[in-house]
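Student: here is my input, please return the structure:
(one chain, ligands or ions: 2)
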Amino acid sequence: RSGFVAIIGRPNVGKSTLMNHLIGQKIAIMSDKPQTTRNKIHGVYTTDTSQIVFLDTPGIHKPQSKLGDYMMKTAEGALKEVEAVLFLIDVADGLGGGDRFIIEQLKKVDTPVFLVMNKIDKVQPEKLLEIITQYKDLYPFAEIVPISALQGNNVETLLTQIQKYL
Ligand code: GDP
Ligand code: MG
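Tutor: Ligands and ions are numbered 1, 2, ... in the order given. The predicted structure follows:
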(Lines give C-alpha, C1' and ligand atoms only; values in the text may rest on other atoms or scores of the structure.)
(Ligands and ions follow the chains in the order given, each with its own letter.)
Protein backbone atom coordinates (compact mmCIF):
# COMPACT_ATOMS: atom_id res chain seq x y z
CA ARG A 1 0.00 0.00 0.00
CA SER A 2 1.18 3.49 -0.72
CA GLY A 3 -0.21 6.97 -1.01
CA PHE A 4 -0.11 10.64 -0.18
CA VAL A 5 -1.46 12.26 2.96
CA ALA A 6 -1.76 16.01 3.59
CA ILE A 7 -1.40 17.42 7.10
CA ILE A 8 -3.25 20.68 7.70
CA GLY A 9 -4.26 22.82 10.65
CA ARG A 10 -3.78 26.20 12.28
CA PRO A 11 -0.31 27.22 13.46
CA ASN A 12 0.83 25.52 16.70
CA VAL A 13 -1.69 22.68 16.68
CA GLY A 14 1.21 20.21 16.49
CA LYS A 15 1.72 19.40 12.79
CA SER A 16 5.51 19.35 12.99
CA THR A 17 5.47 17.38 16.23
CA LEU A 18 3.22 14.74 14.67
CA MET A 19 5.40 14.55 11.58
CA ASN A 20 8.49 14.06 13.69
CA HIS A 21 6.82 11.34 15.69
CA LEU A 22 5.43 9.55 12.65
CA ILE A 23 8.66 9.32 10.78
CA GLY A 24 11.14 9.89 13.56
CA GLN A 25 12.39 6.33 13.66
CA LYS A 26 11.74 5.43 10.06
CA ILE A 27 13.00 8.26 7.98
CA ALA A 28 13.39 7.41 4.33
CA ILE A 29 13.39 10.92 2.92
CA MET A 30 13.47 14.30 4.55
CA SER A 31 13.41 17.03 1.97
CA ASP A 32 12.41 20.64 1.56
CA LYS A 33 12.58 20.44 -2.21
CA PRO A 34 9.24 21.15 -3.83
CA GLN A 35 7.70 17.99 -5.24
CA THR A 36 5.12 19.83 -7.25
CA THR A 37 4.31 23.51 -7.24
CA ARG A 38 1.59 22.75 -4.73
CA ASN A 39 3.00 20.28 -2.33
CA LYS A 40 6.18 19.92 -0.38
CA ILE A 41 7.24 16.47 0.72
CA HIS A 42 7.92 16.55 4.37
CA GLY A 43 8.60 12.93 5.11
CA VAL A 44 8.05 9.40 3.94
CA TYR A 45 6.99 6.63 6.29
CA THR A 46 7.98 3.19 5.08
CA THR A 47 7.49 -0.32 6.34
CA ASP A 48 7.90 -3.66 4.56
CA THR A 49 4.37 -3.38 3.23
CA SER A 50 3.57 0.30 2.96
CA GLN A 51 4.81 3.73 2.08
CA ILE A 52 3.04 6.91 3.12
CA VAL A 53 4.20 10.28 1.87
CA PHE A 54 3.25 13.08 4.26
CA LEU A 55 2.85 16.52 2.74
CA ASP A 56 3.05 19.88 4.32
CA THR A 57 0.21 21.86 2.81
CA PRO A 58 0.70 25.56 3.45
CA GLY A 59 -1.85 28.22 2.76
CA ILE A 60 -5.00 26.77 4.32
CA HIS A 61 -5.84 29.92 6.17
CA LYS A 62 -7.93 33.01 5.74
CA PRO A 63 -6.52 34.97 2.79
CA GLN A 64 -5.31 38.47 3.71
CA SER A 65 -4.24 39.47 0.22
CA LYS A 66 -4.30 38.61 -3.46
CA LEU A 67 -1.28 36.42 -2.88
CA GLY A 68 -3.06 34.71 -0.01
CA ASP A 69 -5.99 34.19 -2.30
CA TYR A 70 -3.75 32.49 -4.85
CA MET A 71 -2.21 30.30 -2.16
CA MET A 72 -5.66 29.18 -1.06
CA LYS A 73 -6.41 28.05 -4.60
CA THR A 74 -3.24 25.99 -4.83
CA ALA A 75 -3.83 24.54 -1.38
CA GLU A 76 -7.30 23.50 -2.43
CA GLY A 77 -5.76 21.76 -5.45
CA ALA A 78 -3.29 19.98 -3.20
CA LEU A 79 -6.11 18.56 -1.10
CA LYS A 80 -7.60 16.96 -4.19
CA GLU A 81 -4.38 15.16 -5.04
CA VAL A 82 -4.04 13.12 -1.86
CA GLU A 83 -5.63 9.92 -0.56
CA ALA A 84 -6.45 11.46 2.81
CA VAL A 85 -6.25 14.75 4.70
CA LEU A 86 -5.28 14.93 8.36
CA PHE A 87 -6.94 17.99 9.88
CA LEU A 88 -5.21 18.62 13.19
CA ILE A 89 -6.86 20.53 16.00
CA ASP A 90 -5.66 21.49 19.46
CA VAL A 91 -8.26 20.11 21.89
CA ALA A 92 -7.23 22.60 24.54
CA ASP A 93 -8.41 25.46 22.31
CA GLY A 94 -12.09 26.05 21.65
CA LEU A 95 -13.61 25.71 18.19
CA GLY A 96 -12.77 29.12 16.75
CA GLY A 97 -12.82 31.06 13.51
CA GLY A 98 -9.56 29.54 12.30
CA ASP A 99 -10.86 25.98 12.37
CA ARG A 100 -14.24 27.02 10.97
CA PHE A 101 -12.50 28.63 8.02
CA ILE A 102 -10.48 25.48 7.32
CA ILE A 103 -13.64 23.35 7.50
CA GLU A 104 -15.28 25.59 4.88
CA GLN A 105 -12.31 24.92 2.59
CA LEU A 106 -12.59 21.18 3.20
CA LYS A 107 -16.16 21.25 1.91
CA LYS A 108 -14.78 22.07 -1.57
CA VAL A 109 -13.04 18.70 -1.93
CA ASP A 110 -14.26 15.13 -1.53
CA THR A 111 -11.02 13.65 -0.20
CA PRO A 112 -11.54 11.73 3.09
CA VAL A 113 -10.72 14.00 6.01
CA PHE A 114 -9.56 12.76 9.42
CA LEU A 115 -10.27 14.89 12.46
CA VAL A 116 -7.04 14.41 14.40
CA MET A 117 -7.66 15.69 17.92
CA ASN A 118 -4.20 16.53 19.19
CA LYS A 119 -2.91 17.37 22.70
CA ILE A 120 -5.29 15.02 24.53
CA ASP A 121 -2.74 15.04 27.36
CA LYS A 122 -3.94 18.59 28.12
CA VAL A 123 -7.66 17.94 28.69
CA GLN A 124 -10.00 15.68 30.67
CA PRO A 125 -11.51 12.78 28.65
CA GLU A 126 -15.05 14.16 29.20
CA LYS A 127 -14.08 17.30 27.31
CA LEU A 128 -13.20 15.22 24.22
CA LEU A 129 -16.78 14.07 23.69
CA GLU A 130 -18.01 17.64 23.79
CA ILE A 131 -15.42 18.68 21.20
CA ILE A 132 -16.20 15.72 18.93
CA THR A 133 -19.87 16.72 18.91
CA GLN A 134 -19.05 20.32 17.98
CA TYR A 135 -16.82 19.38 15.06
CA LYS A 136 -19.02 16.54 13.79
CA ASP A 137 -21.87 19.00 13.43
CA LEU A 138 -19.81 20.95 10.90
CA TYR A 139 -18.32 18.23 8.71
CA PRO A 140 -18.68 14.48 7.99
CA PHE A 141 -15.19 13.37 9.01
CA ALA A 142 -14.06 10.00 7.65
CA GLU A 143 -12.31 9.16 10.93
CA ILE A 144 -11.87 10.83 14.30
CA VAL A 145 -8.62 10.02 16.07
CA PRO A 146 -7.56 11.53 19.41
CA ILE A 147 -3.78 11.64 19.86
CA SER A 148 -0.94 13.22 21.73
CA ALA A 149 1.72 13.91 19.14
CA LEU A 150 4.08 14.97 21.90
CA GLN A 151 3.77 11.79 23.94
CA GLY A 152 3.05 9.55 20.96
CA ASN A 153 -0.28 8.36 22.33
CA ASN A 154 -2.45 6.68 19.69
CA VAL A 155 -0.14 7.61 16.80
CA GLU A 156 0.13 3.90 15.82
CA THR A 157 -3.67 3.76 15.63
CA LEU A 158 -3.64 6.81 13.39
CA LEU A 159 -1.20 5.07 11.03
CA THR A 160 -3.38 1.97 10.96
CA GLN A 161 -6.45 4.07 10.11
CA ILE A 162 -4.59 5.91 7.35
CA GLN A 163 -3.65 2.61 5.70
CA LYS A 164 -7.33 1.84 5.13
CA TYR A 165 -7.49 4.76 2.68
CA LEU A 166 -4.39 3.99 0.60
P1 GDP B 1 2.71 23.34 14.16
O2 GDP B 1 2.84 24.82 14.08
O3 GDP B 1 1.32 22.91 13.85
O4 GDP B 1 3.74 22.61 13.36
O5 GDP B 1 2.93 22.96 15.73
P6 GDP B 1 4.23 22.36 16.45
O7 GDP B 1 4.42 20.93 16.11
O8 GDP B 1 5.36 23.28 16.18
O9 GDP B 1 3.78 22.41 17.98
C10 GDP B 1 3.44 23.64 18.63
C11 GDP B 1 3.61 23.47 20.13
O12 GDP B 1 2.67 22.52 20.63
C13 GDP B 1 4.99 22.95 20.54
O14 GDP B 1 5.38 23.61 21.71
C15 GDP B 1 4.74 21.47 20.79
O16 GDP B 1 5.64 20.92 21.73
C17 GDP B 1 3.33 21.51 21.36
N18 GDP B 1 2.64 20.21 21.16
C19 GDP B 1 2.52 19.50 20.01
N20 GDP B 1 1.82 18.38 20.21
C21 GDP B 1 1.48 18.36 21.51
C22 GDP B 1 0.75 17.43 22.34
O23 GDP B 1 0.27 16.37 21.92
N24 GDP B 1 0.61 17.77 23.65
C25 GDP B 1 1.12 18.92 24.18
N26 GDP B 1 0.92 19.16 25.47
N27 GDP B 1 1.82 19.81 23.44
C28 GDP B 1 1.99 19.54 22.12
MG1 MG C 1 5.18 23.37 12.02
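Student: what about the residue in the chain positioned nearest to ligand 2, neighbour count?
Tutor: Nearest to ligand 2, among the residues of the chain, is S16, at 3.3 Å (CB to the ion). Where C-beta positions appear, they are placed from N, C-alpha and C, glycine not excepted. A count of nearby residues for S16, using other CB atoms under 10 Å, gives 13.
Student: ok, A92 next?
Tutor: Quick note: A92 (other CB under 10 Å) scores 14 neighbours.
Student: surely it meets K122?
Tutor: Yes: using CB atoms under 8 Å, A92 makes contact with K122 at a distance of 4.3 Å.
Student: remind me which residues of the protein are low pLDDT?
Tutor: Low-confidence segments of the chain, defined by pLDDT under 70, are located at 24-42, 56-75.
Student: 80 instead, please
Tutor: Residues of the chain meeting the criterion pLDDT under 80: 23-43, 56-78.
Student: for it, which residues are neighbours of ligand 1?
Tutor: Proximity of the chain to ligand 1 is confined to 9, 11-17, 118-119, 121-122, 148-150 under the rule CB under 6 Å from any ligand atom.
Student: need the max-distance pair from those residues.
Tutor: Using CB to CB, the pair of these lying farthest apart is P11 and D121, separated by 19.5 Å.
Student: if you count surrounding residues, which of these two has more?
Tutor: Set side by side, P11 and D121 show more neighbours around D121, with 13 against 7, by other CB under 10 Å.
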